[in-house]
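> quick one, fold the following:
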Amino acid sequence: MRDVDIIALLVYIVSLLVYLAFSYYTLRREELQTYRTKISQYRAEWLRRQLKENRYDNVLNTVRNSLVAASSLASALIIMVGFIINKVVPDGERTFFEYFTTNKLSLINIMLFLTIYFLFMHIRLLSRFTFLAGTDLSIIKKVEGEEGLAYLSSMLNRTMNQFSYAMRCLYYAVVAVLWLFDTHLFIIATILLTVVLIYRESFAKVEFV
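Below is the predicted model of the structure:
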């Protein structure tokens, strides 16, 4: 691997860690008026209104749409991961680890694996949320020791955050594709993506990413 490629990989890893650290920090600071905080409040209010008006069917339809989208995307990515793995099989002269750490396709695969993981977590939490949303709120409070609506809102927001993480990983996977064509473009795109994501979560009034 050339020196410029090593630098590019370091820039990619550092950028990803910076974004994760920033995301982790803002997620736990509810007083910060980030876009994520605002959209979480909107989701909670939407859920409260739907349950108050006994519109569980609206909640179920929304969940179903999200489940279909996440499942379809996960299936497509699994096929893609299998195709890439077939391309990075050792040629006999190098071990799998050596080939895996020197082949640029491996970076794409790692990000796709992370995307699939977060999609599976999203599906898992949504499946649990589906039947809890149809449960008497007093039962949830009795079992969980927390107001039923607050518990459901928190679960819904955690669920959607998992999908957001999956999309972020997919963005970084797409950027990693550029490494196959031009290293300098890969570095620029990585930094630009990180700046845009941080800006959107901090200052954007509308979701454009």
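
> following the chain onward from the helix or strand containing N161, which element is next?
With elements taken from DSSP states H and E, the one containing N161 is helix 148-177. As assigned by DSSP H and E, the chain's next helix or strand after helix 148-177 is helix 183-202.

> that next one vs helix 148-177, what angle?
160 degrees (axes from the mean of the first three to the mean of the last three Cα atoms, to 10 degrees).

> which other helices and strands does helix 183-202 contact?
The contact analysis (3 or more Cβ pairs under 8 Å, 6 or more residues apart in numbering; DSSP states H and E) places helix 183-202 against helix 3-27, helix 35-52, helix 148-177. The way it works is simple: take the backbone N, C-alpha and C, and place the C-beta from them, glycine included.

> give me the angle between the first one and helix 148-177.
So the one you mean is helix 3-27. 170 degrees.

> circling back to that earlier point, buried residues in the helix holding N161, which are they?
Neighbour-count burial for helix 148-177, counted by 16 or more other Cβ atoms under 10 Å, picks out 148-149, 151-153, 155-157, 159-166, 168-173, 175-176.

> re the thing from before, now for the helices and strands packed on helix 183-202, which one comes closest to N86?
Minimum separation from N86 across those (Cβ to Cβ) falls at helix 148-177, 17.1 Å.

> run the angle between that closest one and helix 35-52 for me.
Using the same axes, to 10 degrees: helix 148-177 against helix 35-52 is 140 degrees.

> now do helix 148-177: distance to the chain's middle.
Its chain's average C-alpha position is 4 Å from that of helix 148-177, according to Cα atoms, centre = their mean, to the nearest Å.

> centre-most residue in the protein?
Against the mean C-alpha coordinate of the chain, by Cα atoms, centre = their mean, the closest residue is Y165 at 1.6 Å.
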